[in-house]
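3D, please:
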Amino acid sequence: MKTAWFVVALSVACSVAALLIPAMPQPLDYHRFVDTRALFGIPNALDVLSNLGFIVAGRLGWVVVFRRETVFATRSERVPYIVFFIGVLLTAFGSSYYHLAPDNERLFWDRLPMTIAFMSLISAQIVERIDRRMGLRLLAPMLLVGAASVIYWRSTERAGAGNVIPYAILQGYAVVVLLMLAALYRSRYTRANDLYAVFACYVLAKVLEAFDAQIFAFGNLVSGHTLKHLSAAAAGLVVCRMLWLRKLADQ
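Okay, here's the model as predicted:
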């Protein structure tokens, strides 16, 4: 019960912060990636083509989720993972579209599917660690909140007073909640600690993104942002492996 109240308090604190922190537009420098080389007529080719990793993870995820041998206590527990891998697949297309000609309008289609993946993974963990019905009921509202943060950001940018803060807070909130669920609640399934590997891939992706130019400077072979895509896609593959190998914990 104390943990549940902590989640409520964290949710309220993040909501208040999103309202009170001064608005901040999306920095235009964000769209200036170091590797702009074209390949086969594709601009920014490696940043575009590295999104194939999301297609692999998303498609494999669907195979695993619908595999007869994959363990789910009830059929409904597949739903958050179905949505999660939809988000992973859509990220491939949204991110590719964005990197062909990076700007704020295209960035919207990159960020929107990422919120689908984040929110559905939280729903899946609530289902497995706290309460099945609660997790399933929260799926739609969480998806709406995630989408709203990105829609709000784009609307404010179009109005000339951009505010990316709510989206940034939502990202941080999602990571904290996932870690908290992993640390404080026992899953009904084995392989539950694989969630930490998902977190590690996410952190690595953020580090690679931050050092885009510095990584590219080592031989001008590949940029940090290209590797970021591969690391983020690896998080989806970790979820695939978790589902493939897991069993009910009491077996």
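
how many other residues sit next to the spatially closest residue to residue 216 that is not a sequence neighbour?
What sits nearest to residue 216 in space, not counting adjacent residues and going by C-beta to C-beta, 6 or more residues apart in numbering, is residue 223, at 4.1 Å. For every residue, glycine as well, the C-beta is placed using N, CA and C. Residues near residue 223, counting by other C-beta atoms under 10 Å, number 26.

Find me the pLDDT at residue 223, would you?
Confidence at residue 223, expressed as pLDDT, is 98.

what's the distance between it and residue 181?
For residue 223, the distance to residue 181 equals 33 Å [C-beta to C-beta, to the nearest Å].

Also residue 215?
Remark: distance between residue 215 and residue 181 (C-beta to C-beta) = 32 Å.

got it, and residue 246?
With C-beta to C-beta as the criterion, residue 246 and residue 181 are 16 Å apart.

Comparing the two, which residue is more hemmed in?
More neighbours surround residue 181 than the other of residue 246 and residue 181, with 22 against 19 (other C-beta under 10 Å).

any weak-confidence spans in the stretch 151-251 of the chain?
Applying pLDDT under 70 to the stretch 151-251 of the chain picks out residues 251.

try it again with 80
The model of the stretch 151-251 of the chain has pLDDT under 80 over residues 250-251.

any idea where the strands of the stretch 1-150 of the chain begin and end?
Counting by DSSP state E, counting those that start in this stretch, the stretch 1-150 of the chain has no strands at all.

ok, which stretches of the stretch 151-251 of the chain are helices?
165-184, 194-210, 212-216, 224-245 (DSSP state H, counting those that start in this stretch).

which ones are touching residue 248?
71, 73, 188-190 (C-beta atoms under 8 Å, 6 or more residues apart in numbering).

Let me have those residues in a markdown table, extended by neighbour count and distance to residue 227.
As requested, the contacts of residue 248 are arranged in a markdown table below (neighbours: other C-beta atoms under 10 Å; distance: C-beta to C-beta, whole Å):
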| residue | neighbour count | distance to residue 227 |
| --- | --- | --- |
| 71 | 17 | 33 |
| 73 | 12 | 37 |
| 188 | 17 | 35 |
| 189 | 22 | 31 |
| 190 | 16 | 31 |
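
And for residue 165, nearest residue in space, chain neighbours not counted?
Distance criterion C-beta to C-beta, 6+ apart; nearest residue to residue 165, sequence neighbours excluded, is residue 21 at 5.0 Å.

and the one you found, how far is that from residue 49?
As judged by C-beta to C-beta, residue 21 and residue 49 stand 36 Å apart.

Then residue 163?
From residue 163 to residue 49 the distance is 32 Å (C-beta to C-beta).

And the two? Which one has more around it.
Neighbour totals were compared for residue 163 and residue 49, and residue 163 leads with 20 against 16 (other C-beta under 10 Å).

Let me see the backbone angles for that one.
Per-residue torsions, residue 163: phi -140, psi 100 (degrees, to the nearest 10).

how deep is the nearest residue to it once chain neighbours are set aside tucked in, by neighbour count?
Sequence neighbours aside, residue 23 is the residue nearest to residue 163 in space, at 3.7 Å (criterion: C-beta to C-beta, 6+ apart). When neighbours are defined as other C-beta under 10 Å, residue 23 has 11 of them.

Pass me the low-pLDDT residue ranges in the stretch 1-150 of the chain, would you?
The stretch 1-150 of the chain contains residues with pLDDT under 80 at 1-16, 18-19.
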